[in-house]
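# no letters, just coordinates:
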């Protein structure tokens with residue numbers, strides 16, 4: 001019996017046997033995660049249904065469970081049953097339901113399995129309800145009782161236990177950097193070119209998505225080449241280099257705070273000035289916007305996306321680009337956490353227009369762009385893989401309409417999902433990070 005199969009069976013058994021103390025823990029955690037503004041949201045939905053047309057799940061499969069207002073209603077019903085005295089007396093009249101085993105199963109299936117927390121429903125909500133926040137709060141309540149789907153929880157556990165979500169050892173990380181550095185020296189023709197690690201007093205501490213070290217080393221090489229061309233003073237950390245934070249997706253604020261806290265620790269220990277986040281949508285949202293809340297701290301340093309840094313290099317003339325080196329048509333996928341939820345919108349567009357000959361937008365784009373389907377921890381939860389691929393059909397159609405040969409996206413979660421969509425929907429495109437495209441255009 002496989003380890004994953006055993007985990008799934010133990011999980012199903014845990015859900016089946018959950019008892020009163022766990023119910024109370026879930027409800028207490030949910031209540032504690034809500035302040036007055038968000039509690040008010042739970043009584044605000046007008047049931048207009050406009051959010052349905054904003055959700056890639058519903059637009060690709062018109063099931064009631066895929067409507068954001070329905071997802072929200074599952075949370076609202078439990079809130080009313082638990083905390084509204086009138087709803088407790090007459091639950092049917094007020095649309096209240098207890099958090100029984102049936103509802104717990106529905107929370108797991110719908111709130112984890114039919115939502116990427118992409119936020120598109122929130123910007124289209126006529127009442128201004130932050131639906132993803134409330135869904136995440138409910139996920140966090142389930143997390144407190146150990147009810148996060150095993151694939152997603154395993155990713156969180158690996159990051160907590162091993163220091164990064166791929167479980168890469170320090171030795172393997174250093175070895176990877178060593179051979180990538182040799183390649184950079186060969187490409188630049190400069191024996192002084194390098195990928196510095198644990199160098200103190202540098203301006204920038206650069207982080208990566210561990211999947212780059214395991215499967216996409218060209219992403220690391222690309223940024224190293226850009227830093228070299230710009231004459232930047234920067235370093236990696238040998239211990240804490242993981243920009244990802246799946247605690248954002250599981251709803252576990254404590255675990256999320258631990259992961260983000262490690263990057264802050266590394267920055268202070270190495271006496272760097274800025275924390276630079278790799279092309280990772282949820283990594284940016286987690287470490288730039290959410291971590292100060294999780295950790296209850298005020299940053300005494302700058303946190304920026306690598307896109308902001310590259311933009312600055314181009315504007316200041318620190319790197320020279322030749323767009324003729326990238327002749328194929330390129331389109332851009334906007335990661336939800338980076339763009340809609342993170343505010344990094346125009347930097348990547350400016351960069352690509354300077355780096356390629358033929359850039360074309362998808363429609364809709366920017367903060368209105370559709371989720372690719374890979375966020376919200378979906379890539380880690382294999383039990384929902386069929387839905388994830390189906391929900392990605394909308395993105396596949398967007399890509400086809402552009403006629404592009406290359407899809408750029410500044411997020412490795414998106415890259416993994418887009419690669420699966422590329423294969424499933426036979427798109428015939430290449431998927432690249434923005435940094436890789438820039439590196440191809442850099443004139444040394």
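Yep, it's here. These figures come from a predicted structure and were not determined experimentally.
# so what's the residue count around the closest residue in space to residue 379 that isn't next to it in sequence?
Leaving aside its sequence neighbours, residue 379 sits nearest to residue 416 (C-beta to C-beta, 6 or more residues apart in numbering; 5.6 Å). (Glycine included, C-beta is placed from N, CA and C.) When counting by other C-beta atoms under 10 Å, one arrives at 18 neighbours for residue 416.
# would you say residue 416 is within a helix?
Yes. Checked against DSSP: H, G, I helix; E, B strand; the rest coil, residue 416 lies within a helix.
# in contact with it, which residues?
211, 374, 379 (C-beta atoms under 8 Å, 6 or more residues apart in numbering).
# those residues, buried ones only, as a PyMOL selection?
Burial among the contacts of residue 416 is assessed by 16 or more other C-beta atoms under 10 Å; the matching PyMOL selection reads:
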select buried, resi 211+374+379
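# what helix or strand is the residue most central in space within the chain on?
Centroid-nearest residue in the chain, with C-alpha atoms, centre = their mean: residue 282, separated by 2.7 Å. For residue 282, the host element (DSSP states H and E) is helix 281-284.
# adding distance to residue 256, write the contacts of residue 416 out as a markdown table.
Listed next are the contacts of residue 416 as a markdown table, based on distance: C-beta to C-beta, whole Å:
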| residue | distance to residue 256 |
| --- | --- |
| 211 | 19 |
| 374 | 19 |
| 379 | 17 |
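# tell me where this structure has strands.
204-206, 234-235, 274-277, 302-305, 329-332, 358-360, 406-408, 430-432 (DSSP state E).
# any chance of a markdown table for those strands, columns mean pLDDT and mean neighbour count?
Formatted as a markdown table, the strands of the chain follow (pLDDT from 0 to 100; neighbours: other C-beta atoms under 10 Å):
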| stretch | mean pLDDT | mean neighbour count |
| --- | --- | --- |
| strand 204-206 | 98 | 24 |
| strand 234-235 | 98 | 22 |
| strand 274-277 | 98 | 24 |
| strand 302-305 | 98 | 19 |
| strand 329-332 | 98 | 22 |
| strand 358-360 | 98 | 17 |
| strand 406-408 | 98 | 24 |
| strand 430-432 | 98 | 20 |
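# switch those strands over to CSV; also include distance to residue 97.
Compiled in CSV, the strands of the chain are given as follows (distance: least, C-beta to C-beta, whole Å):
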stretch, distance to residue 97
strand 204-206, 48
strand 234-235, 53
strand 274-277, 40
strand 302-305, 41
strand 329-332, 43
strand 358-360, 48
strand 406-408, 42
strand 430-432, 42
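# and of those strands, who's closest to residue 4?
strand 430-432 (26.2 Å; C-beta to C-beta).
# related to what we said a few turns ago, and for the residue nearest to the centre of the chain, nearest residue in space, chain neighbours not counted?
Nearest to residue 282 is residue 337, by C-beta to C-beta, 6+ apart, at 4.5 Å.
# next: residue 245.
residue 286 (3.8 Å).
# how much space between the one you found and residue 136?
As defined by C-beta to C-beta, to the nearest Å, residue 286 lies at a distance of 12 Å from residue 136.
# hey, what's in contact with both of these two?
Common neighbours of residue 286 and residue 136 (C-beta under 8 Å, 6+ apart) are residue 248.
# among those two, which residue is more densely surrounded?
Using other C-beta under 10 Å, the more surrounded residue of residue 286 and residue 136 is residue 286, with 27 against 22.
# correct me, but the more buried one touches residue 258?
No. At 11.8 Å, residue 286 and residue 258 do not qualify as touching, with contact defined as C-beta atoms under 8 Å.
# overlap in contacts, the two.
With C-beta under 8 Å, 6+ apart as the test, residue 286 and residue 258 both reach residue 247.
# got any ranges where the chain has weak pLDDT?
Within the chain, the stretches with pLDDT under 70 are 1-2.
# for it, longest helix please?
helix 170-188 (DSSP state H).
# for it, packing partners?
helix 210-214, helix 217-230 (3 or more C-beta pairs under 8 Å, 6 or more residues apart in numbering; DSSP states H and E).
# spit out the contact partners of the residue nearest to residue 373 when sequence neighbours are not counted.
Excluding the flanking residues, the one nearest residue 373 by C-beta to C-beta, 6+ apart is residue 392, at 3.8 Å. The contact partners of residue 392, by C-beta under 8 Å, 6+ apart, come to 56, 60, 372, 373, 374, 417, 420, 421, 424, 425.
# just the buried residues of those.
Buried, going by 16+ other C-beta under 10 Å: 56, 60, 372, 373, 374, 417, 420, 421, 425, out of these.
# narrow these to those in helices?
Using DSSP H, the buried ones among the contacts of residue 392 in helices are 56, 60, 417, 420, 421.
# make TSV from these and add distance to residue 191 to it.
Listed next are those as TSV, based on distance: C-beta to C-beta, whole Å:
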residue	distance to residue 191
56	49
60	53
417	39
420	40
421	42
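# closest to residue 32 among these?
residue 56 (31.2 Å).
# shouldn't residue 84 be in contact with residue 94?
Yes. The criterion here is C-beta under 8 Å, and residue 84 meets it with residue 94 at 6.6 Å.
# just the ones in helices among the buried ones among the contacts of residue 392 now: which is nearest residue 350?
Nearest to residue 350 among those, with distances taken as C-beta to C-beta, is residue 417, at 24.9 Å.
# OK, contacts around that closest one?
Neighbours of residue 417 in contact, by C-beta under 8 Å, 6+ apart: 372, 373, 374, 378, 379, 388, 392.
# could you redo the last one with a cut-off of 6 Å?
By C-beta atoms under 6 Å, 6 or more residues apart in numbering, residue 417 lies in contact with 372, 373, 374.
# how far away is it from residue 25?
Residue 417 is 33 Å from residue 25, by C-beta to C-beta.
# kindly report the same for residue 262.
Counting by C-beta to C-beta, the gap from residue 262 to residue 25 is 27 Å.
# now do the residue lying closest to residue 61 once chain neighbours are set aside against residue 54, distance only.
Nearest non-adjacent residue to residue 61, counting by C-beta to C-beta, 6+ apart: residue 390, 6.0 Å away. Counting by C-beta to C-beta, the gap from residue 390 to residue 54 is 17 Å.
# try residue 269
From residue 269 to residue 54 the distance is 43 Å (C-beta to C-beta).
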